[in-house]
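Undergrad: Model the structure of this input:
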Amino acid sequence: MPYVHSSPYFQMDNPAILSLLRRTPGEKHRKSSSTCGGLLRMFKLFPMLTSGCKMVALLGKPRKPLLKDSATTGTIFGYHKGRVWLAIQDDPYHVPIFVIELPMLTSVLQKEMGSDIVRIALECETRTHKKKLFEEFVWALYCNGRKMGYSIRRKQLSEDELHVMQLLRGVSMGAGVIPSPNDKENAVDGELTYMRARFEKVVGSKDSEALYMINPDGAPTPELSIFFIRGH
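TA: Reported below is the predicted structural model:
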């Protein structure tokens, strides 16, 4: 089935998402202005940029402080021919509070990043009063308004996930390629790429939260937004 690029506004009409969604004048026409091309733009070019190096520093000098005590760390990583993983940490030196294998290939996400603005929505379709939002297990994934499938939150980290988290403990923001813990898997699925950034968390209610990526260049519109919604 051919790949069809979708608009970042398509089917984003969920009331819970709309209540969290930020819009700025001219956002549809905004182009990334980061001094190094933006984290999304760099991430989508991997592994093409990695023939000569295994770790790449991509950030220019920030215009204002990026690290806030309340900021959340988000890491997207995966083998080029494999699926994408998402890990959320309140503290980059602690175990993630939320880890999930997204039902989409890394290469597909990189194509979506061609829009310069990516919105990922994770929706839990079962509503309970006993669990916190990030404790829910089954999630439907929407990327730029297009439903990609379902996935289950991980209870425990695998060896590969622990490997990634340990290597990136000292990285607050950046994108690149890291050594695979399994050379055989690296040969089959390609190199292990990552994008790591700080996010501002916005809590709409006990059933909705949003993470807005803090842009390296201080631009007001986040290149990447992640929504967590628990359906009614």
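
Undergrad: Figure out the helix or strand that His163 lives in.
TA: helix 159-167 (DSSP states H and E).

Undergrad: CA atoms only for that helix, dumped as CSV, please.
TA: Extracted in CSV, the C-alpha atoms of helix 159-167 (Å, rounded to 0.1, in the frame of the first residue of the first chain):
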residue,chain,number,x,y,z
GLU,A,159,17.4,-5.3,27.9
ASP,A,160,17.4,-3.1,24.7
GLU,A,161,15.3,-0.4,26.3
LEU,A,162,17.5,-0.4,29.4
HIS,A,163,20.5,-0.1,27.2
VAL,A,164,19.1,3.0,25.4
MET,A,165,18.1,4.7,28.7
GLN,A,166,21.5,4.1,30.3
LEU,A,167,23.4,5.4,27.2
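
Undergrad: C-terminal to that helix, what's the next element?
TA: Following helix 159-167 in sequence, per DSSP H and E, is strand 174-178.

Undergrad: could you pull out the strands for this structure?
TA: 72-79, 83-89, 98-105, 118-124, 138-143, 146-152, 174-178, 192-205, 208-213, 224-230 (DSSP state E).

Undergrad: so what's Gly176 bridging to?
TA: Beta bridges link Gly176 to Tyr194, judged by DSSP bridges.

Undergrad: what do you get for Ala121?
TA: Beta bridges link Ala121 to Tyr142, Phe227, judged by DSSP bridges.

Undergrad: Can you give me the pLDDT of it?
TA: The score at Ala121 is 95. That number is its pLDDT.

Undergrad: Could you measure from it over to Cys143?
TA: 8 Å (CB to CB, to the nearest Å). (Each C-beta comes from the backbone N, C-alpha and C, glycine too.)

Undergrad: More neighbours: those two, which one.
TA: A count of neighbours by other CB atoms under 10 Å puts Ala121 above the other of Ala121 and Cys143, at 24 against 20.

Undergrad: Hmm, Met104 and Met148 touching each other?
TA: Yes - using CB atoms under 8 Å, Met148 makes contact with Met104 at a distance of 4.7 Å.

Undergrad: if we look at the helix holding His163, which residues are touching it?
TA: 75, 77, 85, 87, 89, 95-96, 99, 154, 157, 178-179, 181-182, 192, 194 (CB atoms under 8 Å, 6 or more residues apart in numbering).

Undergrad: Let's see that with 10 Å instead.
TA: Identification of contacts with helix 159-167 by CB atoms under 10 Å, 6 or more residues apart in numbering yields 55, 75, 77-79, 85, 87, 89, 92-96, 99, 101, 154, 156-158, 178-182, 185, 192, 194, 196.

Undergrad: average pLDDT across it?
TA: Rounded mean pLDDT across helix 159-167 is 89.

Undergrad: hmm, back to that, find residues that contact each of Met148 and Met104.
TA: 84, 112, 120, 141.

Undergrad: Top of those residues by number of neighbours, please.
TA: Most surrounded of these: other CB under 10 Å gives Val84, at 25 neighbours.

Undergrad: need the contact list for it.
TA: Contacts of Val84 (CB under 10 Å, 6+ apart): 76-78, 100-110, 120, 141, 143, 148, 193, 195.

Undergrad: Just the pLDDT at it, thanks.
TA: For Val84, pLDDT reads 93.

Undergrad: try Asp116
TA: On pLDDT, Asp116 comes in at 77.

Undergrad: ok, it touching Asn144?
TA: No - judged on CB atoms under 10 Å, Asp116 makes no contact with Asn144 at a distance of 11.2 Å.

Undergrad: So if I had to pick from the two, which one is more boxed in?
TA: More neighbours surround Asn144 than the other of Asp116 and Asn144, with 22 against 16 (other CB under 10 Å).
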